[in-house]
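K.L.:
Fold the following.
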Amino acid sequence: MELFWTIVFGLLFFALLMASVALHEVGHLLPAKLFGVRVPQYFVGFGKTLWSTRRGETEYGVKLFPLGGFVRLLGMYPPTRPGAKQTWLQRFADDARSYEWDDIRPTDDGRLFFQKKTHQKLIIMAGGITMNLVLAFLLFWAVLGGVGTYQPQPVVAGVQPCVLTEQRECTASDPLTPAAQAGLREGDRIVSFNGTPITRYAELTDLIRRNLDGPATFVVERGGQQVTLPTVNTIISGVRDDLDPSKLVPAGWMGLYPQLAREHAGPVGVLRHMGQMTAQSAVALAQFPVKVWNVAVDMVTGQPRDVYGPISIVGASAIAGEAAVQDAPVLEKAAMFASLLGSINLFLALFNLVPLPPLDGGHIVGALWEWLRRTAARLTGRPDPGPVDTAKMVPVAYAVGGFLLLCGIVLIVADIVTPVKIF
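P.N.:
The predicted model follows:
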(Lines give C-alpha, C1' and ligand atoms only; values in the text may rest on other atoms or scores of the structure.)
Protein backbone atom coordinates (compact mmCIF):
# COMPACT_ATOMS: atom_id res chain seq x y z
CA MET A 1 0.00 0.00 0.00
CA GLU A 2 2.88 2.37 0.77
CA LEU A 3 4.30 1.82 -2.72
CA PHE A 4 0.87 2.61 -4.18
CA TRP A 5 0.62 5.96 -2.37
CA THR A 6 4.24 6.78 -3.20
CA ILE A 7 3.41 6.38 -6.88
CA VAL A 8 0.15 8.34 -6.54
CA PHE A 9 1.79 11.31 -4.82
CA GLY A 10 4.75 11.12 -7.19
CA LEU A 11 2.38 11.38 -10.16
CA LEU A 12 0.54 14.24 -8.42
CA PHE A 13 3.81 16.11 -7.98
CA PHE A 14 4.71 15.48 -11.63
CA ALA A 15 1.32 16.93 -12.62
CA LEU A 16 2.00 20.01 -10.49
CA LEU A 17 5.39 20.38 -12.17
CA MET A 18 3.72 20.28 -15.57
CA ALA A 19 1.23 22.86 -14.29
CA SER A 20 4.22 25.05 -13.38
CA VAL A 21 5.59 24.62 -16.91
CA ALA A 22 2.17 25.46 -18.36
CA LEU A 23 1.99 28.61 -16.23
CA HIS A 24 5.51 29.53 -17.31
CA GLU A 25 4.28 29.52 -20.89
CA VAL A 26 1.21 31.51 -19.87
CA GLY A 27 3.70 34.10 -18.62
CA HIS A 28 4.81 34.49 -22.26
CA LEU A 29 1.35 34.08 -23.77
CA LEU A 30 -0.50 36.84 -21.91
CA PRO A 31 1.90 39.75 -22.56
CA ALA A 32 2.37 38.58 -26.18
CA LYS A 33 -1.37 38.83 -26.75
CA LEU A 34 -1.50 42.09 -24.80
CA PHE A 35 1.07 43.64 -27.15
CA GLY A 36 -0.64 42.24 -30.25
CA VAL A 37 1.84 39.51 -31.21
CA ARG A 38 0.20 36.73 -33.19
CA VAL A 39 0.42 33.47 -31.19
CA PRO A 40 -0.42 30.44 -33.38
CA GLN A 41 0.27 27.72 -30.75
CA TYR A 42 0.39 27.09 -27.00
CA PHE A 43 1.36 23.54 -26.03
CA VAL A 44 2.45 21.60 -22.97
CA GLY A 45 4.87 18.83 -23.91
CA PHE A 46 6.67 17.93 -27.13
CA GLY A 47 6.24 15.41 -29.92
CA LYS A 48 2.96 14.07 -31.26
CA THR A 49 -0.18 16.05 -30.42
CA LEU A 50 -2.50 14.14 -28.05
CA TRP A 51 -5.20 16.77 -27.80
CA SER A 52 -5.74 20.30 -29.02
CA THR A 53 -8.43 22.91 -29.44
CA ARG A 54 -8.50 26.26 -31.17
CA ARG A 55 -9.60 29.45 -29.49
CA GLY A 56 -9.47 32.37 -31.84
CA GLU A 57 -6.16 32.37 -33.69
CA THR A 58 -4.35 30.18 -31.12
CA GLU A 59 -4.25 26.39 -30.94
CA TYR A 60 -3.99 25.08 -27.36
CA GLY A 61 -3.02 21.51 -26.62
CA VAL A 62 -1.02 18.74 -25.00
CA LYS A 63 1.71 16.69 -26.67
CA LEU A 64 3.02 13.18 -26.07
CA PHE A 65 6.16 13.87 -24.04
CA PRO A 66 5.27 16.04 -21.01
CA LEU A 67 8.80 17.29 -20.42
CA GLY A 68 8.33 20.99 -21.09
CA GLY A 69 6.18 23.25 -23.20
CA PHE A 70 6.24 26.12 -25.65
CA VAL A 71 4.40 29.15 -26.96
CA ARG A 72 4.96 29.88 -30.63
CA LEU A 73 5.29 33.61 -31.20
CA LEU A 74 5.13 34.53 -34.85
CA GLY A 75 7.94 36.64 -36.25
CA MET A 76 10.77 35.64 -33.91
CA TYR A 77 13.14 35.86 -36.90
CA PRO A 78 13.24 39.07 -38.97
CA PRO A 79 13.32 38.83 -42.79
CA THR A 80 16.65 38.43 -44.55
CA ARG A 81 18.39 41.73 -45.03
CA PRO A 82 18.67 42.64 -48.77
CA GLY A 83 22.14 41.95 -50.13
CA ALA A 84 23.13 39.66 -47.23
CA LYS A 85 26.22 37.62 -48.06
CA GLN A 86 25.33 33.95 -48.61
CA THR A 87 27.62 32.27 -46.10
CA TRP A 88 26.83 28.85 -44.60
CA LEU A 89 25.48 30.59 -41.51
CA GLN A 90 23.24 32.83 -43.60
CA ARG A 91 21.89 29.84 -45.49
CA PHE A 92 21.30 27.98 -42.23
CA ALA A 93 19.46 31.01 -40.83
CA ASP A 94 17.38 31.37 -43.99
CA ASP A 95 16.31 27.72 -43.79
CA ALA A 96 15.13 28.21 -40.21
CA ARG A 97 13.46 31.47 -41.17
CA SER A 98 11.58 29.94 -44.10
CA TYR A 99 9.70 27.53 -41.80
CA GLU A 100 8.26 30.42 -39.82
CA TRP A 101 7.65 32.78 -42.72
CA ASP A 102 5.53 30.21 -44.52
CA ASP A 103 2.82 31.00 -41.95
CA ILE A 104 3.14 34.79 -42.04
CA ARG A 105 0.45 36.64 -43.94
CA PRO A 106 0.37 40.26 -45.13
CA THR A 107 -2.25 40.98 -42.45
CA ASP A 108 0.34 40.04 -39.79
CA ASP A 109 2.36 43.17 -40.51
CA GLY A 110 2.83 44.98 -37.19
CA ARG A 111 1.96 41.82 -35.22
CA LEU A 112 5.32 40.07 -35.54
CA PHE A 113 7.60 39.70 -32.55
CA PHE A 114 10.64 41.29 -34.17
CA GLN A 115 8.58 44.42 -34.95
CA LYS A 116 7.76 45.10 -31.30
CA LYS A 117 9.51 47.66 -29.12
CA THR A 118 12.38 46.56 -26.91
CA HIS A 119 10.50 46.91 -23.63
CA GLN A 120 7.65 44.82 -25.06
CA LYS A 121 10.04 42.07 -26.14
CA LEU A 122 11.66 42.07 -22.70
CA ILE A 123 8.32 41.85 -20.92
CA ILE A 124 7.18 38.98 -23.17
CA MET A 125 10.39 36.98 -22.77
CA ALA A 126 10.70 37.66 -19.03
CA GLY A 127 7.06 36.74 -18.47
CA GLY A 128 7.76 33.04 -18.01
CA ILE A 129 10.61 33.70 -15.59
CA THR A 130 8.42 36.12 -13.64
CA MET A 131 5.64 33.53 -13.45
CA ASN A 132 8.00 30.94 -11.94
CA LEU A 133 9.30 33.49 -9.44
CA VAL A 134 5.76 34.41 -8.38
CA LEU A 135 4.85 30.74 -7.99
CA ALA A 136 7.99 30.10 -5.93
CA PHE A 137 7.25 33.10 -3.71
CA LEU A 138 3.64 32.04 -3.09
CA LEU A 139 4.64 28.45 -2.32
CA PHE A 140 7.41 29.50 0.07
CA TRP A 141 5.13 32.05 1.71
CA ALA A 142 2.51 29.33 2.26
CA VAL A 143 5.17 27.19 3.95
CA LEU A 144 7.26 29.76 5.82
CA GLY A 145 4.42 32.16 6.63
CA GLY A 146 1.42 29.84 6.90
CA VAL A 147 2.73 26.54 8.23
CA GLY A 148 5.99 27.85 9.64
CA THR A 149 9.26 25.97 9.96
CA TYR A 150 11.32 24.77 12.89
CA GLN A 151 14.35 27.02 13.24
CA PRO A 152 17.35 26.61 15.59
CA GLN A 153 17.40 29.01 18.53
CA PRO A 154 20.42 30.39 20.48
CA VAL A 155 19.46 28.08 23.34
CA VAL A 156 21.37 24.89 24.14
CA ALA A 157 19.31 21.71 23.76
CA GLY A 158 22.24 19.39 24.41
CA VAL A 159 26.01 19.02 24.38
CA GLN A 160 28.03 16.32 22.63
CA PRO A 161 30.32 15.03 25.40
CA CYS A 162 33.35 13.94 23.37
CA VAL A 163 35.02 14.20 19.97
CA LEU A 164 34.42 11.06 17.91
CA THR A 165 35.49 10.10 14.40
CA GLU A 166 33.20 7.04 14.29
CA GLN A 167 29.75 6.00 15.52
CA ARG A 168 30.23 4.68 19.08
CA GLU A 169 29.82 5.57 22.74
CA CYS A 170 32.23 7.99 24.42
CA THR A 171 34.93 6.57 26.69
CA ALA A 172 37.05 8.20 29.40
CA SER A 173 39.99 8.45 26.99
CA ASP A 174 38.10 10.42 24.36
CA PRO A 175 38.81 14.19 24.28
CA LEU A 176 36.00 16.46 25.43
CA THR A 177 34.25 18.68 22.93
CA PRO A 178 34.79 22.43 23.27
CA ALA A 179 31.16 22.78 24.39
CA ALA A 180 31.72 20.22 27.16
CA GLN A 181 35.01 21.87 28.18
CA ALA A 182 33.31 25.24 28.44
CA GLY A 183 30.58 23.81 30.65
CA LEU A 184 27.62 24.61 28.41
CA ARG A 185 24.39 23.14 29.79
CA GLU A 186 20.97 22.32 28.46
CA GLY A 187 18.77 25.42 28.67
CA ASP A 188 21.62 27.96 28.50
CA ARG A 189 20.65 30.93 26.34
CA ILE A 190 23.73 32.19 24.52
CA VAL A 191 24.09 35.94 25.00
CA SER A 192 27.43 36.55 23.28
CA PHE A 193 30.36 34.80 21.61
CA ASN A 194 33.80 36.39 21.94
CA GLY A 195 32.13 39.66 22.90
CA THR A 196 29.71 39.72 19.94
CA PRO A 197 26.03 39.82 20.98
CA ILE A 198 23.91 36.91 19.75
CA THR A 199 20.24 37.30 18.84
CA ARG A 200 19.86 34.53 16.25
CA TYR A 201 21.42 31.08 16.04
CA ALA A 202 22.58 31.78 12.48
CA GLU A 203 24.80 34.56 13.87
CA LEU A 204 26.35 32.12 16.36
CA THR A 205 26.93 29.49 13.67
CA ASP A 206 28.68 32.01 11.44
CA LEU A 207 30.94 33.22 14.26
CA ILE A 208 31.88 29.70 15.36
CA ARG A 209 32.67 28.64 11.79
CA ARG A 210 34.89 31.64 11.17
CA ASN A 211 36.64 31.13 14.52
CA LEU A 212 38.33 27.94 13.21
CA ASP A 213 40.52 26.73 16.12
CA GLY A 214 40.74 30.09 17.89
CA PRO A 215 39.79 30.88 21.51
CA ALA A 216 36.06 30.98 22.25
CA THR A 217 34.36 32.67 25.20
CA PHE A 218 30.63 32.30 25.80
CA VAL A 219 28.36 34.45 27.92
CA VAL A 220 25.12 32.62 28.68
CA GLU A 221 21.93 33.38 30.53
CA ARG A 222 21.48 30.70 33.18
CA GLY A 223 18.93 30.79 35.98
CA GLY A 224 18.13 34.44 35.31
CA GLN A 225 21.77 35.52 35.50
CA GLN A 226 24.48 36.08 32.92
CA VAL A 227 27.43 33.72 33.32
CA THR A 228 30.80 34.00 31.54
CA LEU A 229 32.08 30.50 30.78
CA PRO A 230 35.76 29.47 30.71
CA THR A 231 37.57 30.24 27.45
CA VAL A 232 38.19 27.19 25.25
CA ASN A 233 39.39 26.64 21.70
CA THR A 234 37.02 25.60 18.94
CA ILE A 235 38.00 22.62 16.78
CA ILE A 236 38.43 22.71 13.01
CA SER A 237 36.00 20.35 11.32
CA GLY A 238 34.60 19.86 7.82
CA VAL A 239 31.14 21.36 7.34
CA ARG A 240 28.88 21.79 4.33
CA ASP A 241 29.56 24.95 2.36
CA ASP A 242 26.64 27.40 2.51
CA LEU A 243 26.52 27.88 -1.27
CA ASP A 244 27.68 24.42 -2.38
CA PRO A 245 26.47 21.76 0.10
CA SER A 246 28.28 19.04 -1.86
CA LYS A 247 31.60 20.53 -0.75
CA LEU A 248 33.14 20.33 2.73
CA VAL A 249 35.00 23.38 3.98
CA PRO A 250 37.11 23.82 7.14
CA ALA A 251 35.24 25.58 9.92
CA GLY A 252 35.18 25.94 13.66
CA TRP A 253 33.11 23.46 15.66
CA MET A 254 31.83 23.42 19.26
CA GLY A 255 29.68 20.34 19.71
CA LEU A 256 26.39 21.84 20.91
CA TYR A 257 22.83 21.21 19.77
CA PRO A 258 20.33 24.10 19.58
CA GLN A 259 16.71 24.06 20.60
CA LEU A 260 14.19 24.25 17.76
CA ALA A 261 11.11 26.46 17.68
CA ARG A 262 8.46 26.92 15.02
CA GLU A 263 8.75 30.34 13.38
CA HIS A 264 6.61 32.11 10.81
CA ALA A 265 8.12 34.39 8.19
CA GLY A 266 6.60 37.40 6.46
CA PRO A 267 7.19 38.47 2.87
CA VAL A 268 10.62 39.91 3.71
CA GLY A 269 11.67 36.65 5.35
CA VAL A 270 10.45 34.72 2.31
CA LEU A 271 12.47 36.96 -0.01
CA ARG A 272 15.53 36.50 2.21
CA HIS A 273 15.06 32.73 2.01
CA MET A 274 14.70 32.91 -1.77
CA GLY A 275 17.82 35.06 -1.96
CA GLN A 276 19.86 32.40 -0.18
CA MET A 277 18.43 29.68 -2.43
CA THR A 278 19.14 31.84 -5.49
CA ALA A 279 22.81 32.06 -4.53
CA GLN A 280 22.96 28.28 -4.07
CA SER A 281 21.17 27.70 -7.37
CA ALA A 282 23.58 30.02 -9.20
CA VAL A 283 26.50 27.91 -7.94
CA ALA A 284 24.67 24.72 -8.96
CA LEU A 285 24.00 26.13 -12.45
CA ALA A 286 27.66 27.01 -12.93
CA GLN A 287 28.57 23.41 -12.05
CA PHE A 288 25.70 21.78 -13.93
CA PRO A 289 27.66 20.21 -16.83
CA VAL A 290 30.28 18.78 -14.46
CA LYS A 291 27.63 17.53 -12.04
CA VAL A 292 25.73 15.74 -14.82
CA TRP A 293 28.98 14.13 -15.98
CA ASN A 294 29.64 12.96 -12.41
CA VAL A 295 26.13 11.48 -12.24
CA ALA A 296 26.79 9.55 -15.45
CA VAL A 297 30.17 8.27 -14.20
CA ASP A 298 28.73 7.23 -10.82
CA MET A 299 25.87 5.42 -12.55
CA VAL A 300 28.22 3.50 -14.88
CA THR A 301 30.67 2.63 -12.09
CA GLY A 302 27.95 1.69 -9.59
CA GLN A 303 28.71 4.47 -7.12
CA PRO A 304 25.91 5.83 -4.91
CA ARG A 305 24.28 9.08 -6.05
CA ASP A 306 25.35 12.37 -4.54
CA VAL A 307 22.29 13.70 -2.67
CA TYR A 308 23.43 17.21 -3.57
CA GLY A 309 23.72 16.46 -7.28
CA PRO A 310 21.19 17.32 -10.01
CA ILE A 311 18.05 15.28 -10.53
CA SER A 312 15.42 15.15 -13.28
CA ILE A 313 11.73 15.87 -12.87
CA VAL A 314 11.29 12.10 -12.59
CA GLY A 315 13.67 12.04 -9.63
CA ALA A 316 12.01 15.07 -8.04
CA SER A 317 8.60 13.42 -8.40
CA ALA A 318 9.91 10.20 -6.82
CA ILE A 319 11.34 12.12 -3.86
CA ALA A 320 8.05 14.00 -3.42
CA GLY A 321 6.15 10.70 -3.48
CA GLU A 322 8.45 9.22 -0.83
CA ALA A 323 8.13 12.34 1.32
CA ALA A 324 4.34 12.14 1.18
CA VAL A 325 4.25 8.67 2.77
CA GLN A 326 6.69 9.37 5.59
CA ASP A 327 5.49 9.03 9.19
CA ALA A 328 4.91 12.72 9.84
CA PRO A 329 1.95 15.06 10.40
CA VAL A 330 -0.03 15.80 7.24
CA LEU A 331 0.74 19.51 7.52
CA GLU A 332 4.49 18.84 7.64
CA LYS A 333 4.31 16.58 4.60
CA ALA A 334 2.29 19.15 2.69
CA ALA A 335 4.87 21.79 3.59
CA MET A 336 7.69 19.57 2.32
CA PHE A 337 5.71 18.96 -0.88
CA ALA A 338 5.19 22.70 -1.41
CA SER A 339 8.80 23.56 -0.54
CA LEU A 340 10.14 21.12 -3.13
CA LEU A 341 7.78 22.51 -5.76
CA GLY A 342 8.79 26.06 -4.83
CA SER A 343 12.48 25.17 -5.10
CA ILE A 344 12.01 23.74 -8.59
CA ASN A 345 10.07 26.82 -9.72
CA LEU A 346 12.85 29.05 -8.45
CA PHE A 347 15.46 26.94 -10.21
CA LEU A 348 13.44 27.00 -13.46
CA ALA A 349 13.33 30.80 -13.30
CA LEU A 350 17.09 31.05 -12.81
CA PHE A 351 17.80 28.37 -15.41
CA ASN A 352 15.81 30.30 -18.00
CA LEU A 353 17.90 33.39 -17.28
CA VAL A 354 20.97 31.69 -18.79
CA PRO A 355 21.80 34.02 -21.74
CA LEU A 356 21.75 31.36 -24.44
CA PRO A 357 19.00 30.48 -26.92
CA PRO A 358 16.58 28.74 -26.86
CA LEU A 359 16.29 29.76 -23.20
CA ASP A 360 14.45 32.97 -22.34
CA GLY A 361 17.70 34.61 -21.30
CA GLY A 362 19.06 34.19 -24.83
CA HIS A 363 16.10 36.09 -26.29
CA ILE A 364 16.41 38.77 -23.60
CA VAL A 365 20.08 39.30 -24.47
CA GLY A 366 19.15 39.49 -28.17
CA ALA A 367 16.59 42.23 -27.49
CA LEU A 368 19.04 44.18 -25.35
CA TRP A 369 21.77 43.89 -28.00
CA GLU A 370 19.38 45.17 -30.64
CA TRP A 371 18.49 48.15 -28.42
CA LEU A 372 22.17 48.94 -27.82
CA ARG A 373 22.92 48.85 -31.58
CA ARG A 374 20.02 51.08 -32.44
CA THR A 375 20.74 53.50 -29.60
CA ALA A 376 24.42 53.75 -30.56
CA ALA A 377 23.44 54.40 -34.21
CA ARG A 378 21.00 57.12 -33.21
CA LEU A 379 23.51 58.85 -30.93
CA THR A 380 26.24 58.79 -33.59
CA GLY A 381 23.97 59.87 -36.45
CA ARG A 382 24.26 56.59 -38.34
CA PRO A 383 21.32 54.85 -40.08
CA ASP A 384 19.15 52.48 -38.04
CA PRO A 385 20.84 49.04 -38.33
CA GLY A 386 17.44 47.33 -38.06
CA PRO A 387 16.56 44.25 -36.03
CA VAL A 388 19.21 41.75 -35.03
CA ASP A 389 19.05 38.62 -37.21
CA THR A 390 18.30 36.17 -34.38
CA ALA A 391 17.97 33.37 -36.94
CA LYS A 392 21.76 33.26 -37.03
CA MET A 393 21.68 32.01 -33.44
CA VAL A 394 19.72 28.92 -34.45
CA PRO A 395 22.89 26.72 -34.51
CA VAL A 396 23.57 27.80 -30.92
CA ALA A 397 19.96 27.05 -29.99
CA TYR A 398 20.28 23.58 -31.54
CA ALA A 399 23.54 22.93 -29.68
CA VAL A 400 22.14 24.10 -26.35
CA GLY A 401 18.88 22.21 -26.90
CA GLY A 402 20.77 19.05 -27.79
CA PHE A 403 22.97 19.38 -24.71
CA LEU A 404 19.96 19.88 -22.44
CA LEU A 405 18.18 16.91 -24.02
CA LEU A 406 21.24 14.72 -23.43
CA CYS A 407 21.52 15.91 -19.81
CA GLY A 408 17.82 15.23 -19.30
CA ILE A 409 18.12 11.68 -20.62
CA VAL A 410 21.19 10.99 -18.42
CA LEU A 411 19.43 12.29 -15.30
CA ILE A 412 16.17 10.44 -16.00
CA VAL A 413 18.04 7.15 -16.54
CA ALA A 414 20.10 7.75 -13.39
CA ASP A 415 16.97 8.55 -11.38
CA ILE A 416 15.53 5.21 -12.45
CA VAL A 417 18.68 3.07 -12.15
CA THR A 418 20.37 4.69 -9.14
CA PRO A 419 17.82 7.04 -7.53
CA VAL A 420 18.84 9.57 -4.90
CA LYS A 421 18.18 8.19 -1.40
CA ILE A 422 16.97 10.83 1.05
CA PHE A 423 14.53 8.87 3.20
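
K.L.:
When you work out contacts or count neighbours from here on, use the C-alpha atoms and nothing else.
P.N.:
OK.

K.L.:
Which of the helices or strands spans Gly342?
P.N.:
helix 330-351 (DSSP states H and E).

K.L.:
moving C-terminal of that helix, what's the next helix or strand?
P.N.:
Next in sequence after helix 330-351, counting helices and strands by DSSP H and E, comes helix 360-379.

K.L.:
Show me which residues of that following helix are buried.
P.N.:
Neighbour-count burial for helix 360-379, with 16 or more other CA atoms under 10 Å as criterion, is recorded at 360-368, 370-371, 374.

K.L.:
Specify the angle between that helix and helix 330-351 in degrees.
P.N.:
Orientation note: helix 360-379 sits at an angle of 40 degrees relative to helix 330-351 (axes from the mean of the first three to the mean of the last three CA atoms, to 10 degrees).

K.L.:
Low-confidence ranges, the protein, go.
P.N.:
With pLDDT under 70 as the threshold, the chain has low-confidence stretches at 1.

K.L.:
Just the helices from it, written as ranges.
P.N.:
Taking DSSP state H as the criterion, the chain contains helices spanning 2-34, 88-101, 118-141, 178-182, 201-211, 267-286, 288-301, 313-324, 330-351, 360-379, 394-417.

K.L.:
Could you dump the ones you listed into JSON lines with distance to Ala157 added?
P.N.:
Written out in JSON lines, the entries for those read as follows (distance: least, CA to CA, whole Å):
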{"stretch": "helix 2-34", "distance to Ala157": "34"}
{"stretch": "helix 88-101", "distance to Ala157": "64"}
{"stretch": "helix 118-141", "distance to Ala157": "28"}
{"stretch": "helix 178-182", "distance to Ala157": "12"}
{"stretch": "helix 201-211", "distance to Ala157": "12"}
{"stretch": "helix 267-286", "distance to Ala157": "25"}
{"stretch": "helix 288-301", "distance to Ala157": "37"}
{"stretch": "helix 313-324", "distance to Ala157": "27"}
{"stretch": "helix 330-351", "distance to Ala157": "22"}
{"stretch": "helix 360-379", "distance to Ala157": "47"}
{"stretch": "helix 394-417", "distance to Ala157": "38"}
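
K.L.:
List the residues that contact the residue nearest the centre of the chain.
P.N.:
With distances taken as CA atoms, centre = their mean, Phe347 lies nearest the centre of the chain, 1.9 Å away. Phe347 makes contact with 278, 281, according to CA atoms under 8 Å, 6 or more residues apart in numbering.

K.L.:
Redo the buried residues of helix 360-379 as CSV? Include distance to Glu59.
P.N.:
Written out in CSV, the entries for the buried residues of helix 360-379 read as follows (distance: CA to CA, whole Å):
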residue, distance to Glu59
Asp360, 22
Gly361, 25
Gly362, 25
His363, 23
Ile364, 25
Val365, 28
Gly366, 27
Ala367, 26
Leu368, 30
Glu370, 30
Trp371, 32
Arg374, 35
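
K.L.:
Nearest to Ala216 among those residues?
P.N.:
Gly361 (47.4 Å; CA to CA).

K.L.:
For Ala265, see how far away Leu271 is.
P.N.:
Spatial separation of Leu271 from Ala265 under the definition CA to CA, to the nearest Å is 10 Å.

K.L.:
Looking at those two, which has the bigger crowd around it?
P.N.:
For Leu271 versus Ala265, the count of surrounding residues by other CA atoms under 10 Å is larger for Ala265: 20 against 15.

K.L.:
Check the gap between Gly195 and Gly187 for me.
P.N.:
Here the criterion is CA to CA. By it, Gly195 lies 20 Å from Gly187.

K.L.:
okay, these two: which has more neighbours?
P.N.:
It is Gly187, of Gly195 and Gly187, that has more neighbours when counted by other CA under 10 Å, with 17 against 11.

K.L.:
Just list the residues touching that one, thanks.
P.N.:
Residues near Gly187 by CA under 8 Å, 6+ apart: 155-157, 222.

K.L.:
Now for these, which sits with the most neighbours around it?
P.N.:
For these, neighbours were counted by other CA under 10 Å; the highest total belongs to Val155, with 22 neighbours.

K.L.:
Which residue, other than its chain neighbours, is closest to that one?
P.N.:
Residue nearest to Val155 in three dimensions, not counting chain neighbours: Arg189, with 4.3 Å by CA to CA, 6 or more residues apart in numbering.

K.L.:
and the one you found, how far is that from Gln153?
P.N.:
Following CA to CA, the distance that separates Arg189 from Gln153 is 9 Å.

K.L.:
Then Gly187?
P.N.:
In terms of CA to CA, Gly187 sits 11 Å off from Gln153.

K.L.:
again, but for Leu348
P.N.:
From Leu348 across to Gln153, the span is 32 Å (CA to CA).

K.L.:
Likewise for Leu379?
P.N.:
The span separating Leu379 from Gln153 equals 58 Å under the rule CA to CA.

K.L.:
for Ala282, same thing?
P.N.:
Here the criterion is CA to CA. By it, Ala282 lies 28 Å from Gln153.

K.L.:
Give me the more crowded residue out of those two.
P.N.:
Set Ala282 next to Gln153 and count neighbours by other CA under 10 Å: Gln153 wins out with 20 against 16.

K.L.:
ok, the residue nearest to Phe218 when sequence neighbours are not counted - contacts?
P.N.:
With CA to CA, 6+ apart as the criterion, Phe218 has its nearest non-adjacent residue at 4.9 Å, and that residue is Phe193. Phe193 makes contacts with 204, 207, 216-219, as judged by CA under 8 Å, 6+ apart.

K.L.:
Repeat that for Val394.
P.N.:
The contact partners of Val394, by CA under 8 Å, 6+ apart, come to 92-93, 96, 357.

K.L.:
redo that, cut-off 7 Å
P.N.:
Under the criterion of CA atoms under 7 Å, 6 or more residues apart in numbering, the neighbours of Val394 are Ala93.

K.L.:
Return the distance of it relative to Gly69.
P.N.:
When distances are taken as CA to CA, Val394 and Gly69 turn out to be 18 Å apart.

K.L.:
phi, psi of Thr87?
P.N.:
Its backbone dihedrals place Thr87 at phi -80, psi 170, with angles given as degrees, to the nearest 10.

K.L.:
can you count the residues close to it?
P.N.:
When counting by other CA under 10 Å, one arrives at 9 neighbours for Thr87.

K.L.:
Ser52 too?
P.N.:
Here the neighbour count serves as a burial measure; for Ser52 (other CA under 10 Å) it reads 14.
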